[in-house]
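S.K.: fold the following, please.
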Amino acid sequence: MKLPPILSIIWARRAVFAVPVVGALIGSSIAMAVTPPRYMASARVVLNYIKPDAETGIVVNSKMVETYEKTQIDFLREPEVSALAAEAMGWLDLPEMQEAYALRDPQDTRDMATWAAARLMGGISAVMVEDSNILEVRYTAASPEMATAMVGAIRDAYLQASTNQLRRSAEERANANALRLRESNKRLAELEAQKTRVERATGLILDASRRELDAAKLANLASARPRAPVVDPGQGRPSVQANNLAAVDAAIASRAGGLGPNHPQYQAMLRQREQAKAMAEQAGQRENAFSSFFQSQARAEAALFEALKAKVLSQRPDALQLKLLQDQIDREREIATSLAESTAEERQGSTGEQSGLIPIGEPSEARESIRSNSTLIISTAVAMGVLYGALLALLVEFLARQVRSAEALQAAASAPVLGVVPRNRRRGPPRRGRWPKPRRLPAGRAAAVQA
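M.R.: Presented below is the predicted three-dimensional model:
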């Protein structure tokens, strides 16, 4: 069975192909042998996103938990956290660190804290503990003591950086609310001034129930007015004095036939009638005066009601404008009050100490070194060696091509192949008695061959 063309070329150049493969294998073995051991320590933190935050009341939605966890892991690798950890470990005061910082690239304009944080970030990693809200912070170093001390400093720096971030966020929100509060107070003052101008121009004033005073007075008059027409309660009825006079007249009429004009009783009855008549006239005058007063008062009240009604109707557009201004003032005052309360809460939150993160226990000590994954390194090195070896074999074949088959010869010579002579694969001299015997050629033919 014939191999594919590429495999046949690689097999023909197997010596060239084997050099990168063997070199990669030897190089990976040497790298694993000389690589110093690394030690990894870990510390755990509880991400308290299940309960609402005590200060902000923020709750992480269940759909955003994965995003929140990834954000916290990315934040752990921020330069701010590493800079705090480096400062806590005293790296910024070490003479060798200061010397290395002085010898850095002149184009590097970072400050020493950021520069030290960049060197520290390479060993930081974090994973979430399975089926929990616990974040495991890890750090890898050349010694177990350094790994244990550094992972504790990184966890403390992570907690401090989270607290600082919450403080900055609260301070930014407080400043934004304070700016909005100033704008709201400015709008409120403008509305109050506009309301004062309208009141002075129209003479309208709203009471506590947001009603115009004349309209409130008109409503009180309307509620106090009787529904039926006003009638004098004494009109149409005879008074007591009139009844007495009628009774005296009736008595005189009944006794006039039996008594003479000069009879004492008759004279007494006439005098009684004069007194009753005088009293009836006085009562009638009083009733007429009272009726006139009552009617004039009713007419005055009706005129006042109609005048006040006309005034209220004429001032209705101005009253409506005044009420609209009062509505805007009340709404703007509510906004200003809410902003003031929110600003005070954010100011208080900017000085808080809680970040929603709870450390668990002490950092775990790094007892065993972390060796490189030999299987992965060797397999990767061999794969790269095979790839480079194949490319090198193909390159050598391209630079020095050879004919190794009838098909290749036919393609190169552009001529048909008449026959193929099999290759003699026997090595060494033939066995005894197997050498071919020489034959003597005829003289003519020998001369032709020599010629």
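S.K.: how many neighbours does residue 118 have?
M.R.: 15 (other Cβ atoms under 10 Å). Any C-beta I mention is one placed from the backbone N, CA and C, and that applies to glycine too.
S.K.: tell me which element it is part of?
M.R.: Assigned by DSSP states H and E, residue 118 belongs to helix 112-120.
S.K.: averaged pLDDT, that helix. What do you get?
M.R.: What helix 112-120 shows for mean pLDDT is 87.
S.K.: could you do stretch 381-398 as well?
M.R.: 86.
S.K.: about what we covered before: give the buried residues for the helix holding residue 118.
M.R.: 112-113, 115-117, 120 (16 or more other Cβ atoms under 10 Å).
S.K.: from those, which is closest to residue 307?
M.R.: residue 113 (82.8 Å; Cβ to Cβ).
S.K.: nearest residue to that closest one other than its sequence neighbours?
M.R.: residue 83 (4.3 Å; Cβ to Cβ, 6 or more residues apart in numbering).
S.K.: ok, back up a step: include distance to residue 389 when you put the buried residues of helix 112-120 into CSV, please.
M.R.: Listed next are the buried residues of helix 112-120 as CSV, based on distance: Cβ to Cβ, whole Å:
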residue, distance to residue 389
112, 47
113, 48
115, 42
116, 44
117, 43
120, 40
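S.K.: which residues of the chain fall in strands?
M.R.: Listed in chain order, the strands of the chain (DSSP state E) span 38-47, 124-128, 134-141, 357-364, 369-370.
S.K.: now render those as a markdown table, adding mean pLDDT, distance to residue 100 and mean neighbour count.
M.R.: What follows is those, written out as a markdown table (pLDDT from 0 to 100; distance: least, Cβ to Cβ, whole Å; neighbours: other Cβ atoms under 10 Å):
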| stretch | mean pLDDT | distance to residue 100 | mean neighbour count |
| --- | --- | --- | --- |
| strand 38-47 | 87 | 21 | 20 |
| strand 124-128 | 89 | 20 | 18 |
| strand 134-141 | 89 | 17 | 20 |
| strand 357-364 | 86 | 26 | 15 |
| strand 369-370 | 65 | 25 | 12 |
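S.K.: to residue 90, which of the ones you listed lies closest?
M.R.: strand 134-141 (15.3 Å).
S.K.: hmm, who's touching the closest one?
M.R.: 38-47, 69, 72-73, 76, 123-129, 147, 150-151, 154-155, 158, 360, 366, 370 (Cβ atoms under 8 Å, 6 or more residues apart in numbering).
S.K.: apply 7 Å and report the result again.
M.R.: 38-47, 72, 76, 123-129, 147, 150-151, 154-155, 158, 360, 370 (Cβ atoms under 7 Å, 6 or more residues apart in numbering).
S.K.: relative to strand 124-128, how tilted is the top helix by length along the chain?
M.R.: Looking across the chain with DSSP state H, the single longest helix is helix 144-202. Angle of helix 144-202 versus strand 124-128, following axes from the mean of the first three to the mean of the last three Cα atoms, to 10 degrees, is 70 degrees.
S.K.: check which helices and strands helix 144-202 sits against.
M.R.: Packing contacts for helix 144-202, counted by 3 or more Cβ pairs under 7 Å, 6 or more residues apart in numbering; DSSP states H and E, involve strand 38-47, helix 79-88, strand 134-141, helix 316-349, strand 357-364.
S.K.: could you rerun that using 10 Å?
M.R.: Helix 144-202 sits against strand 38-47, helix 65-76, helix 79-88, helix 112-120, strand 124-128, strand 134-141, helix 316-349, strand 357-364, with contacts defined as 3 or more Cβ pairs under 10 Å, 6 or more residues apart in numbering; DSSP states H and E.
S.K.: export the second one to CSV, keeping only CA atoms.
M.R.: Same thing as helix 65-76. Extracted in CSV, the C-alpha atoms of helix 65-76 (Å, rounded to 0.1, in the frame of the first residue of the first chain):
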residue,chain,number,x,y,z
VAL,A,65,-25.5,36.0,40.3
GLU,A,66,-23.1,34.6,37.8
THR,A,67,-22.3,38.1,36.4
TYR,A,68,-21.9,39.4,40.0
GLU,A,69,-19.4,36.6,40.8
LYS,A,70,-17.4,37.2,37.7
THR,A,71,-17.3,40.9,38.4
GLN,A,72,-16.0,40.2,41.9
ILE,A,73,-13.3,37.9,40.6
ASP,A,74,-12.2,40.5,38.0
PHE,A,75,-12.2,43.2,40.7
LEU,A,76,-9.9,41.1,42.8
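S.K.: could you list the buried residues of that helix?
M.R.: 69, 72-73, 76.
S.K.: report the angle between that helix and strand 124-128.
M.R.: Going by the same axes, to 10 degrees, helix 65-76 makes 160 degrees with strand 124-128.
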